[in-house]
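A.B. asks: I'll drop the sequence and a predicted model, then ask my questions.
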2 protein chains.
Amino acid sequence: SPVALAVQRGVRRLFAGLGQVTVTELTLASGRRADVVALAPDGRITVVEVKSCLADFRTDGKWQDYRAYCDRLFFAVTDDFPQEVLPEATGLIVADQYGAAVLREAPLHPLPGARRKEVTLRFARAAASRLHAAFDPEGARGII
Amino acid sequence: SPVALAVQRGVRRLFAGLGQVTVTELTLASGRRADVVALAPDGRITVVEVKSCLADFRTDGKWQDYRAYCDRLFFAVTDDFPQEVLPEATGLIVADQYGAAVLREAPLHPLPGARRKEVTLRFARAAASRLHAAFDPEGARGII
């Protein structure tokens, strides 16, 4: 949705300002797709789930599944979202298309080394394959 | 140079066909910049140094430095390059803008785990920051 895309854009700007790179729509080993994944200079991985409205949050629900693939988990919403429904065990970001702010820090639950390696590799492959496809769509076929 | 860019394009196509993603112009921890770096599904890292002509090869010379940052090292050249000057301890790829072929496999010299982690993170950050900049140049500022 346009709202979700605006929130996503603002979230990426927030992390860029913190020196963290991001990819969107990253499919994890579980098959679930994370809305935004950020990678810090020290290798820490953050997942941000974007919720454009209450219905969007209620129809998802399985946010616990993302925790196994990141060191920190946030929800990101617009400023008119009813924040009280969001789980306190996650971080909270409020965003629009121009930027975002952290309203509640996410608890740290460090990934085991093997899992971190797997998610980092997945992140690297997604980013590089999309970048290659942007420059040479025909040549990149087969890795997307 | 246009020749180097054509070779680079063909090399990326070769690796894409093998299921490996690539980035170009990756600055390594040593400060040297690798022309093409490929990342395999299993995490193996290959560096490909592109040489557009003999003079280009002769003025570089420090190819040994790249070995410390990859599991395999190749040179990639056009088909009229004098191949006999290239070191036998490296792999050899002949390429044009449409594709490439491996004429000699590169010996495997597996990276230590910590180094592999560092290069993979660097690869991921370069690819994601460039991709972000392509979509939102202003928002990605500060991570490029």
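C.D. replies: Received the coordinates, thanks.
A.B. asks: what ranges do the helices span in chain A?
C.D. replies: Taking DSSP state H as the criterion, chain A contains helices spanning A:2-17, A:54-60, A:64-67, A:113-135.
A.B. asks: Lowest average pLDDT across those helices?
C.D. replies: When mean pLDDT is averaged over each of the helices of chain A, helix A:54-60 scores lowest at a mean of 85.
A.B. asks: For chain A, what lies in contact range of chain B?
C.D. replies: Within reach of chain B by C-beta under 8 Å from any C-beta of the partner chain, chain A has these residues: A:9, A:12-13, A:16-17, A:19-23, A:39, A:41, A:43, A:117, A:120-121, A:123-125, A:127-132, A:134, A:136, A:139-143. Backbone N, C-alpha and C define where each C-beta goes, glycine included.
A.B. asks: excluding its backbone neighbours, what's nearest the residue nearest to the spatial centre of chain A?
C.D. replies: Compute the mean C-alpha point of chain A, and by C-alpha atoms, centre = their mean the closest residue is A:Val36, 2.1 Å away. Excluding the flanking residues, the one nearest A:Val36 by C-beta to C-beta, 6 or more residues apart in numbering or on different chains is A:Val48, at 4.1 Å.
A.B. asks: My guess is that neighbour contacts A:Ala38. True?
C.D. replies: Yes - the criterion here is C-beta atoms under 8 Å, and A:Val48 meets it with A:Ala38 at 6.9 Å.
A.B. asks: These two - which one has more neighbours?
C.D. replies: Under the neighbour definition other C-beta atoms under 10 Å in any protein chain shown, A:Val48 and A:Ala38 were set side by side, and A:Val48 has more, 30 against 25.
A.B. asks: Kindly state the beta-bridge partners for the more buried one.
C.D. replies: A:Val48 forms beta bridges with A:Val36, A:Phe74, as assigned by DSSP bridges.
A.B. asks: ok, now which ones touch it?
C.D. replies: Neighbouring residues of A:Val48 by C-beta atoms under 8 Å, 6 or more residues apart in numbering or on different chains: A:Val11, A:Ala34, A:Asp35, A:Val36, A:Val37, A:Ala38, A:Leu73, A:Phe74, A:Phe75, A:Ala76, A:Ile93.
A.B. asks: just A:Arg122 next, same as before
C.D. replies: Counting by C-beta under 8 Å, 6+ apart, A:Arg122 makes contact with A:Leu26, A:Thr27, A:Leu28, A:Ala29.
A.B. asks: could the residues you listed be laid out in a markdown table, adding neighbour count and distance to B:Glu84?
C.D. replies: Shown next, in a markdown table, are the contacts of A:Arg122 (neighbours: other C-beta atoms under 10 Å in any protein chain shown; distance: C-beta to C-beta, whole Å):
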| residue | neighbour count | distance to B:Glu84 |
| --- | --- | --- |
| A:Leu26 | 20 | 45 |
| A:Thr27 | 11 | 46 |
| A:Leu28 | 18 | 48 |
| A:Ala29 | 11 | 46 |
